[in-house]
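Novice: Okay, predicted coordinates and the sequence, questions at the end:
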Amino acid sequence: MRTKMLLAIGCVLLLVSTAAAGAGDTLWTRTYGGRSHDLGQSVQQTSDGGYIIAGSTESFGAGYEDVYLVKTDSSGDTLWTRSYGGSYEDVGYSIRQTSDGGYIIAAYTQSFGAGSTDVYLLKTNSSGDTLWTRTYGGSDCDGSSSVEQTSDGGYIIAGYTESFGAGGYDVYLLKTDSSGDTLWTRTYGGSYDEVGWAVQQTSDGGYITAGYTLSFGAGGYDVYLLKTDPSGDTLWTRTYGGRSHEWGRSVQQTSDAGYIIAGHTLSFGAGSYDVYLLKTDPSGDTLWTRTYGGSDSDGSLSVRQTSDGGYIIGGFTESFGAGDRDVYLIRAADGVVMLCDHVGPWFCRGRDFSFKLTIYNPLGENVSGTLTFRGYSGYDCDPGNVLVSIRRPKTFPPGVTEQYYRFKVPNAVGPGQYSTSISGTLGGVDLFCCMNTDIVECGPWKSGGNSEWELVEVDRPEFEVSLPTVTYLAQNYPNPFNAATEISYSLAEASDVKLTIHNLRGQLVETVVDGRQEAGVHQVIWDASQYSSGVYFYKLQAGDFVSTKKMNLLK
């Protein structure tokens, strides 16, 4: 089956094949516009097999710049065009076909409304004739970037507001009924600037919004992801990025109930701006990130999951192509994920220690690479304190593979704080994990069966004072499992703890722990005998610490 992706950039429409055979080959291109500047911002295939494009035009319309709508047939030939607006600047940013065959357009307007610019929502029939328009906002600058029809027939709009909120620009989320009348509005942000670029209704009836933030994160602008309930109340927020600038431009819920986010990064990559792709679990915790691009500026504007579980990313590039800026289409596979955990919270000087490596390979072929295992004196995998370094070539088949490795703690090391890292590249994905632990002085040991070590006596006072210095959630064991599994976690300090189980849709399945616990290592058994086979997520909340991991129930 051939799959396709549609791109509208600069009022150029391209239809390209993204199938395995002839991937990315152009099927046709079209241009639309007049003698002045015309720009396409959003495109969707319509129910008749044609296409609808929204953007702005300076060639046609009532004023300086107007919302521009172009309807084509399946070959990209124009069926009709429309312009909407007043005497000043009006720009369309997002369009969706509605359940009645018409269209909903999210824009901003300087011609109408209450202030400098306002959110501009336009509803048309299937011929592009206006049924109604609405403006939303206050006395300052407000605008919209994304719109979707919701399951109740109304609309959800994401954008930005300077009129309301905590300071600067804030993410602006508006929910309307089918006539565009406001049901509720929400703002999200801090003292500086936040903007919402994309919104989607999620499988639980709530909403996911992606954009950028200057108030929160690691530095500069960071990708800003917000999950809300159906009323727009915040369930969680996440930021992603480095010390420079990152922007989120597109988000979609994926088939595993997680999220894929596309945007640009200045902190990572090959140079200047690069395409920034992030995959998260249902709680917004990062599973993997990717960058694409060259030495000049490259960015992404849209991402969608494909039928084979991969992703198609549309954007722009100045690093490659024929001229100053070209359309950039990237076909990406879902990424390899590595999880690693110590088998045990502490180890004995001069004895073996073990850890478990779990590789999730969703690709349809083997992935190979060299993994490097390093032991360090001191926490946080300080590269200046390497005790041991071992390289091992490995090949992992599709699916979930678990490997156990054993290393010997050198006799020369004394009790104290140590760490272990695993790094490598599999399937083109850079992988790294760092695990902290404690080495303690143990008593006599004797050799057990299968070359395992059996503990005879331990200097308990030494162990008891060696409390965890970090809060950590380990991978469940065994995994996959049937029908019970052990979940371990460490608490660096006494905390109010909640351990919950969720399904692929992010819905709560069971609360396993809910109460205050002392610092130390804790284990619980989750009995899943009453649940069906599938992928589940377990989430630990302990004070400000939140972590989520995936497990597989196989019956």
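Specialist: Good, I have the coordinates. Numbering: from 1, shown residues only.
Novice: what about the stretch 251-400 of the chain, any weak spots by pLDDT?
Specialist: 308, 333-335, 343-353, 362-364 (pLDDT under 70).
Novice: likewise the chain?
Specialist: 1-24, 308, 333-335, 343-353, 362-364, 407-413, 441-470.
Novice: With adjacent residues omitted, what lies nearest to residue 261?
Specialist: residue 278 (4.5 Å; Cβ to Cβ, 6 or more residues apart in numbering). (C-beta placed from N, C-alpha, C; glycine too.)
Novice: pretty sure that neighbour contacts residue 238?
Specialist: No: here residue 278 does not reach residue 238: they are 9.4 Å apart, not a contact under Cβ atoms under 8 Å.
Novice: out of these two, which sits in the busier spot?
Specialist: residue 278 (26 against 22; other Cβ atoms under 10 Å).
Novice: got the contact list for the one helix or strand the more buried one maps to?
Specialist: Assessed by DSSP states H and E, residue 278 sits inside strand 274-280. Defining contact as Cβ atoms under 8 Å, 6 or more residues apart in numbering, one finds that strand 274-280 is touched by 223, 225, 238, 240, 246-247, 254, 258-266, 268-269, 286-293, 298-300, 303, 311, 313, 315, 328, 330, 332, 334-335.
Novice: Could you turn the buried ones of these into a PyMOL selection?
Specialist: Of the contacts of strand 274-280, the buried ones can be selected in PyMOL as follows, counting by 16 or more other Cβ atoms under 10 Å:
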select buried, resi 223+225+238+240+246+247+254+258+259+260+261+262+263+264+265+266+269+287+288+289+290+291+292+293+298+299+300+303+311+313+315+328+330+332+334+335
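Novice: Show me the contacts of strand 274-280 that map onto helices.
Specialist: Within these, no residue falls in helices by DSSP state H.
Novice: Inside strands: which ones of the contacts of strand 274-280?
Specialist: Judged by DSSP state E, the subset of the contacts of strand 274-280 located in strands is 223, 225, 238, 240, 246-247, 259-265, 286-292, 298-300, 303, 311, 313, 315, 328, 330, 332.
Novice: Quickly list what the closest residue to residue 147 other than its chain neighbours is bridged to.
Specialist: Counting by Cβ to Cβ, 6+ apart, residue 147 lies nearest to residue 106, which is 3.6 Å off, once chain neighbours are set aside. Per DSSP bridges, the residues bridged to residue 106 are residue 94, residue 121.
Novice: Okay, buried residues for stretch 185-201 please.
Specialist: By 16+ other Cβ under 10 Å, the buried positions in stretch 185-201 come out as 185-189, 193-201.
Novice: Also stretch 140-158?
Specialist: 141-150, 154-158.
Novice: Show me how far that stretch is from its chain's centre.
Specialist: Its chain's C-alpha centre and that of stretch 140-158 lie 21 Å apart, by Cα atoms, centre = their mean, to the nearest Å.
Novice: What of stretch 196-216?
Specialist: The answer for stretch 196-216 is 11 Å, by Cα atoms, centre = their mean.
Novice: From start to finish, how long is that stretch in a straight line?
Specialist: Counting by Cα to Cα, to the nearest Å, you get 14 Å between the two ends of stretch 196-216.
Novice: can you check stretch 379-393 too?
Specialist: 26 Å.
Novice: likewise stretch 483-503?
Specialist: Its start and end residues considered, stretch 483-503 measures 16 Å (Cα to Cα).
Novice: ok, now stretch 211-220?
Specialist: Termini of stretch 211-220 sit 14 Å apart (Cα to Cα).
Novice: next one: stretch 123-135
Specialist: Terminal-residue distance, stretch 123-135 (Cα to Cα): 12 Å.
Novice: How about residues contacting it?
Specialist: Taking Cβ under 8 Å, 6+ apart as the rule, stretch 123-135 contacts 69, 71, 80-82, 84, 98, 100-105, 109, 112-114, 118-122, 176, 179-181.
Novice: Using PyMOL, make a named selection holding only the buried ones among these.
Specialist: Of those, the buried ones go into a single PyMOL selection, burial set by 16+ other Cβ under 10 Å:
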select buried, resi 69+71+81+82+84+98+103+104+105+109+112+113+118+119+120+121+122+176+180
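Novice: wait, isn't residue 79 in contact with residue 53?
Specialist: No: look at residue 79 against residue 53 with Cβ under 8 Å: they stay out of range, at 11.4 Å.
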